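**Q** predicted coordinates and the sequence they were generated for:
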Amino acid sequence: MRSFACMVSVLALAAALPAVAIAAEPAAPTQAATAAATLYTAAQFFETTSFSMANPDGLAFSEGRSHVLISSDKTGVFNAYALPIAGGDPVPLTASTTNATFAQSYFPDGRRVLVAADGGGDELTHIYVRETDGTLRDLTPGDKLKAGFVGFSDDGQTFWLTSNERDAEVFDLYAYDAATYERKLVFQNPGMDVAAVSGDGRLVALTKSHTSANSDVYLADLQAGGEPYLITPHTGDVAYEVSGFGPFNATLIYTSNQDGEFAQAYAYDIANKAHNRTTQADWDVMYVSFSPNGRYRVTAVNADASTELTIEDSQTRAPIRLTGLPQGDITGVRFDPGADLAAFTVVSDTSPTDVFVADLTTGQARRLTHALNPAIKESDLVEATIVRYPGEGGVMVPAVLYRPKGASAANPAPAVVLVHGGPGGQTRRGYSAMVQHLVNHGYAVLGANNRGSSGYGKTFFHMDDKKHGEADLRDIVAGGDWLRAQDWVADDQVAVMGGSYGGYITAAALAFHPDKFEAGIDIFGVTNWVRTLQSIPAWWGAQRVALFDEMGDPAVDAERHRAISPLFHADKIRRPLLVVQGANDPRVLQVESDELVEKVRANNVPVEYVVFPDEGHGFQRRANRITAQEAYLAFLNRYVRKAD
């Protein structure tokens, strides 16, 4: 289901957090807590470059396999680039200075490129073609519409886009001529989610959410009228998600938790209408994909907040052993058409996402980027550990813990409980400039996965259904208690912070447990669930049913929504609060934060608040992120860290 979070990983929010203009310089951290590491500024951390691969449904390699298509914020704003396989600087393909622009796919000619951009974070994404002369052409013109890229046909003559221009609540499928850009409506959506199109253009895979725990997969045969038919009949609550079509369009790969707590991968044989399980993992299978020629199979598993990815021969299931790689999670695998090369990213707690390319015949990999600011020594950064602490009812709460260098019983550190977005997100391991900067300046960070988080089985995931702001909130409070019990944490210097749903939990913690945290940082958090659920963007469409099933229908459950909303209990907040908000946020409207700030200030409580006119729900500009980070640290130093 859709969530209010931009990403499932709050430890990855560094690339999406808003800027806050607070002039005060951060106070110097305690000598003891940071003695073992060089101190770096927020600017130094965020001068690290972000890299990401082209759309997984796209073509990532250029003509002659000389470049791979990526997105990067090298200039401070995300743009599309062609990264030379032989080494060297990325070649800019777009040059936006305002709206983040993300690479989607090369055309089969390997020269033209599809990119996506919205308007200042409003999430109304349009798809553009970047011609060989560098000009951009909007393929989805119009106001108040949202479009998406689905893929290219096997013969390269057609590509598919979705758009909600006909009906704001559903996304229809359009086929575009790859030469002329002429388009045709090929599937008028009855109210499902378009998940994939087979490479021969015959079949459309669709998902339909009934509740937050129950969904189905349908196929529509465009050569036989296009009427969707169910391929996952079942009883009870079972979730099904599409991964994509298998080699030669013979199968549809999907994941499901039908056989236990965790999602596994299955193949639906289209001709024989038979289902076969294709994986056996102890955690959720995130996805399964294949190289264009079907030779290689990629499987990614969400293993206790890390990604375990394997590339294997799809016939023998023998794994491909890659050499020349640093430690870290492999993600974003993209193959060249002949499947001789694979480009992918590697990320770890202490090393941001970098792009690599590997020769699949030898397994030898080469690094193509160096994302970490060279002014920062990786040895000064902190590797996370996975911990579990007790919540109520005997539930053990998983968490990602960063312990600052120099923290000890003799020199205890201040701490922050970090709450992920969602509902239903997950705090995962991986590089975060936001987290590493706080840890570098002496703060312990506990990224909690309260009940209701994904990645730990369907029972855990649904523990908070229609109970938000109750036990899930108390799990966060318990995280603060667990930190205070550690002899290396200062028990009177613990704060709470989070973005989106995590921002809600932050404000709720200050309102409903007013003495549990020294301060809170609410980053575009929901404060009035009644208004938020009533103002869900139209393009959420069918997903709204699942969200209402999890959170409650505002037409029926408004009284409960009011009871758990911090705005209506703001008079209880008496600890300092920092609130940040994007004016273009379509998920959490600015009025949510405006009203909370006004009410808390009426309590004579210190409140700091900045609204950014050019950002939405998850901020993209590096300059904003630097200012934001400076504000977070200044606020924490001012109200949480005690003087020596």
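**A** Thanks, I have the structure now. Residues are numbered from 1 along each chain as shown.

**Q** how about stretch 108-119, which residues are buried there?
**A** Pro108, Gly110, Arg112, Val113, Leu114, Val115, Ala116, Ala117, Asp118 (16 or more other C-beta atoms under 10 Å). C-beta here means a position set from N, CA and C on the backbone, and glycine is covered the same way.

**Q** CA atoms of it as PDB?
**A** C-alpha atoms of stretch 108-119 as PDB (Å, rounded to 0.1, in the frame of the first residue of the first chain):
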ATOM      1  CA  PRO A 108      16.600   1.100 -27.900                       C
ATOM      2  CA  ASP A 109      18.800   3.300 -30.100                       C
ATOM      3  CA  GLY A 110      20.800   4.000 -27.000                       C
ATOM      4  CA  ARG A 111      20.800   7.700 -27.700                       C
ATOM      5  CA  ARG A 112      17.500   9.300 -26.700                       C
ATOM      6  CA  VAL A 113      16.500   9.200 -23.100                       C
ATOM      7  CA  LEU A 114      13.300   9.200 -21.100                       C
ATOM      8  CA  VAL A 115      13.300  11.300 -17.800                       C
ATOM      9  CA  ALA A 116      10.700  12.100 -15.200                       C
ATOM     10  CA  ALA A 117      10.200  15.400 -13.200                       C
ATOM     11  CA  ASP A 118       7.500  16.900 -11.100                       C
ATOM     12  CA  GLY A 119       6.900  20.600 -10.200                       C
END
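
**Q** all helices of this structure, in order?
**A** 31-34, 42-46, 433-440, 458-461, 471-485, 501-512, 529-534, 543-551, 554-564, 590-601, 622-639 (DSSP state H).

**Q** quick one: list the elements packing against the longest one.
**A** Helices and strands touching helix 622-639, by 3 or more C-beta pairs under 8 Å, 6 or more residues apart in numbering; DSSP states H and E, are helix 42-46, helix 433-440, strand 489-499, strand 520-523, strand 577-582, strand 607-612.

**Q** please repeat the previous calculation with a cut-off of 7 Å.
**A** On a contact count with 3 or more C-beta pairs under 7 Å, 6 or more residues apart in numbering; DSSP states H and E, helix 622-639 meets helix 42-46, helix 433-440, strand 577-582.

**Q** what does the second one rub up against?
**A** The contact list for helix 433-440 (C-beta atoms under 7 Å, 6 or more residues apart in numbering) reads 11, 13-14, 17, 37, 39-40, 42, 45-46, 48, 380-382, 402, 404, 416, 445, 629, 633.

**Q** what's the answer for stretch 468-488, then?
**A** Residues outside stretch 468-488 that contact it (C-beta under 7 Å, 6+ apart): 389-392, 397, 399, 407-409, 412-413, 415, 417, 419, 423, 444, 446, 448, 450-452, 463-464, 489, 491, 494, 496, 505, 508-509, 512-513, 516-517, 551, 564.

**Q** make a PyMOL selection of the buried ones in the residues you listed.
**A** To isolate the buried ones among the contacts of stretch 468-488 in PyMOL, judged by 16+ other C-beta under 10 Å, type:
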select buried, resi 389+391+397+399+407+412+413+415+417+419+423+444+446+448+450+451+452+463+464+489+494+496+505+508+509+512+513+516+517+551+564
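
**Q** if we can go back for a sec, let's have the helices and strands packed on helix 622-639 in JSON lines, adding mean neighbour count and distance to Gln223.
**A** Listed next are the helices and strands packed on helix 622-639 as JSON lines, based on neighbours: other C-beta atoms under 10 Å; distance: least, C-beta to C-beta, whole Å:
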{"stretch": "helix 42-46", "mean neighbour count": "22", "distance to Gln223": "51"}
{"stretch": "helix 433-440", "mean neighbour count": "27", "distance to Gln223": "49"}
{"stretch": "strand 577-582", "mean neighbour count": "28", "distance to Gln223": "44"}
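
**Q** His126 is nearest to which of these?
**A** When the helices and strands packed on helix 622-639 are compared by C-beta to C-beta, strand 577-582 sits nearest His126, at 19.2 Å.
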